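# coordinates for the following, if possible.
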Amino acid sequence: MRVYHHIDEFEPVKNAVVTIGTFDGVHIGHRKIISRIKELADASGGETVILTFFPHPRMILHPEDESIKLITTMDEKAELLEQLGVDHLIITPFSRDFSNQSPEAYIRDVLVNQIGTKKIVIGYDHRFGKDRQGGLADLLRLAPQYGFEVVEIPEQDINDVAISSTRIRAALLANEIYVANECLGYPFFITGKVIRGDQLGRQLGYPTANLMLEERYKLIPADGIFAVKVKVEGKEYAGMAYIGHRPTVNGMTRNIEVNIFDFSGDIYNKQLRMEFLHFVRGDIKFSSLEELTLQLGKDKEDVQALLVINGPQFDT
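Purely as a prediction, here's the structure:
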């Protein structure tokens, strides 16, 4: 897949089959749409093109709202789209100027002249242009003039997509990991750099890798203990992850850390990916470090049991 970080970098391709959207999470609803554009491209000897936006439009149009969190970062989204076999990904910087284009200018300048759209697969409720004045009717009206075909995504399919995005975010914030993973079609994951912590986990007999995420807009599940799969330096391990403020020691910052089973390497400053498989319990303040240590032992047993019973199992 070729990735373009501005639409000006893109040269029109033969029989471009295009769809547009934010594709946050690249979940099962999105995958249906991508499957559809691939079918159309294969039938016409064309190539698939996804036009997406960054920053997310809500971040530009509602900058005061810091609650906007996304299921996937831009890099994660690109990785997932590449796995699905998309040919071209155009990441357009979203700005107020871009959003203020007239609907016809958007169709003519962006979709036709810059992308060379021959087929566009779009939802019945897709809006574009200044004040979201443009829509499916404009595309259908101008399609004959500019020589492209419009393929409408049925209302039910659009509703499924909207429900999935909303449902995934809500599920992650409620630690309903199984619901989120079912809607995504893959385990929710985060990626970050391993940084040095205060070694408390090591003192308790459960050394952890502390993660620092680069993107502040990445959605993080609610606080608690999780059964996870860890990918680091090309290998996979089972692990027990913690998200929270460490109330037992009156922690001031929110930590993301993982005890990787049967692992002892030095991975400071390495990239680590953590896939969330099961929620174990919420965050609790214990009366002493001894009580916390006992609970961590029980948590590890629970994590191991969950991974054995519900899988997947890993080479550790």
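# confirm that V110 sits in a helix.
Yes. Judged by DSSP: H, G, I helix; E, B strand; the rest coil, V110 forms part of a helix.
# what about it, neighbour count?
20 (other CB atoms under 10 Å). In this view, the C-beta of every residue, glycine as well, is placed from N, C-alpha and C.
# that's a helix at E64, yeah?
No. Assessed by three-state DSSP, E64 does not belong to a helix; its assignment is coil.
# report how many residues lie close to it.
5.
# how close does it get to K298?
Using CB to CB, to the nearest Å, one obtains 43 Å as the distance from E64 to K298.
# same check on R96?
Counting by CB to CB - R96 and K298 are separated by 53 Å.
# residues contacting the nearest residue to G265 once chain neighbours are set aside?
Among residues not flanking G265 along the chain, E233 sits closest, at 7.4 Å (CB to CB, 6 or more residues apart in numbering). Residues in contact with E233 (CB atoms under 8 Å, 6 or more residues apart in numbering) are 265, 267, 270.
# in strands only, show me those residues.
Among those, DSSP state E puts none in strands.
# quick check: of the residues you listed, which lies closest to I122?
Using CB to CB, K270 comes nearest to I122 of the contacts of E233, at 41.3 Å.
# helices or strands up against the stretch of helix or strand R31 belongs to?
Taking DSSP states H and E as the criterion, R31 maps to helix 28-44. Judged by 3 or more CB pairs under 8 Å, 6 or more residues apart in numbering; DSSP states H and E, helix 28-44 is in contact with strand 16-20, strand 47-54, strand 117-123, strand 149-153, helix 155-173.
# closest one to I107 among the ones you listed?
Closest to I107 of these, according to CB to CB: strand 117-123, at 8.7 Å.
# ok now that closest one, how far from the chain's centre?
Centroid separation for strand 117-123 versus its chain: 23 Å, with CA atoms, centre = their mean, to the nearest Å.
# can you check stretch 203-217 too?
Centroid separation between stretch 203-217 and its chain, computed with CA atoms, centre = their mean, is 20 Å.
# go on, stretch 165-182?
Using CA atoms, centre = their mean, the offset of stretch 165-182 from its chain centre is 12 Å.
# ok, for I34, nearest residue in space, not its chain neighbours?
L84 (5.2 Å).
# do the same with Y178
That would be H278: by CB to CB, 6+ apart, it lies 7.4 Å from Y178.
# try G192
L211 (3.8 Å).
# in the stretch 101-250 of the chain, which spans are helices?
103-105, 136-146, 155-173, 177-184, 200-204 (DSSP state H, counting those that start in this stretch).
# closest to P57 out of those?
The closest of these to P57 is helix 155-173. By CB to CB, the value is 13.6 Å.
# can you tell me the closest non-neighbouring residue to the spatially most central residue of the chain?
With distances taken as CA atoms, centre = their mean, T72 lies nearest the centre of the chain, 1.9 Å away. Nearest residue to T72 in three dimensions, chain neighbours excluded: G25, at 5.5 Å (CB to CB, 6+ apart).
# pretty sure that neighbour is touching T73, no?
No. G25 lies out of contact with T73 (CB atoms under 8 Å); the separation is 10.9 Å.
# which one's more surrounded, the two?
Taking neighbours as other CB under 10 Å, G25 and T73 compare with G25 leading, 27 against 19.
# name all residues that make contact with A16.
46-47, 49, 88, 115-119.
# top of those residues by neighbour count?
When those are compared by neighbour count (other CB under 10 Å), V49 ends up highest, at 29 neighbours.
# per-residue pLDDT of it, please?
At V49, the model reports a pLDDT of 97.
# got the contact list for it?
Per CB under 8 Å, 6+ apart, neighbours of V49: 13, 16-19, 87-90, 115, 117.
# go again using 6 Å as the cut-off
16, 18, 88 (CB atoms under 6 Å, 6 or more residues apart in numbering).
# generate a markdown table for these, with distance to R216 and pLDDT as supplementary columns.
Compiled in a markdown table, the contacts of V49 are given as follows (distance: CB to CB, whole Å; pLDDT from 0 to 100):
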| residue | distance to R216 | pLDDT |
| --- | --- | --- |
| A16 | 34 | 97 |
| V18 | 31 | 97 |
| H88 | 28 | 98 |
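# nearest to I177 among those residues?
H88 (32.9 Å).
# tell me the spacing between that closest one and V26.
For H88 relative to V26 (CB to CB), the value is 16 Å.
# am I right that D75 is in a helix?
Yes. Counting by three-state DSSP, D75 is found in a helix.
# ok, the closest residue to it other than its chain neighbours to L211 distance?
The shortest distance from D75 to any non-neighbouring residue, by CB to CB, 6+ apart, is to T191 (7.9 Å). Computed as CB to CB, the T191 to L211 distance reads 8 Å.
# repeat that for D198.
Taking CB to CB, one finds D198 at 14 Å from L211.
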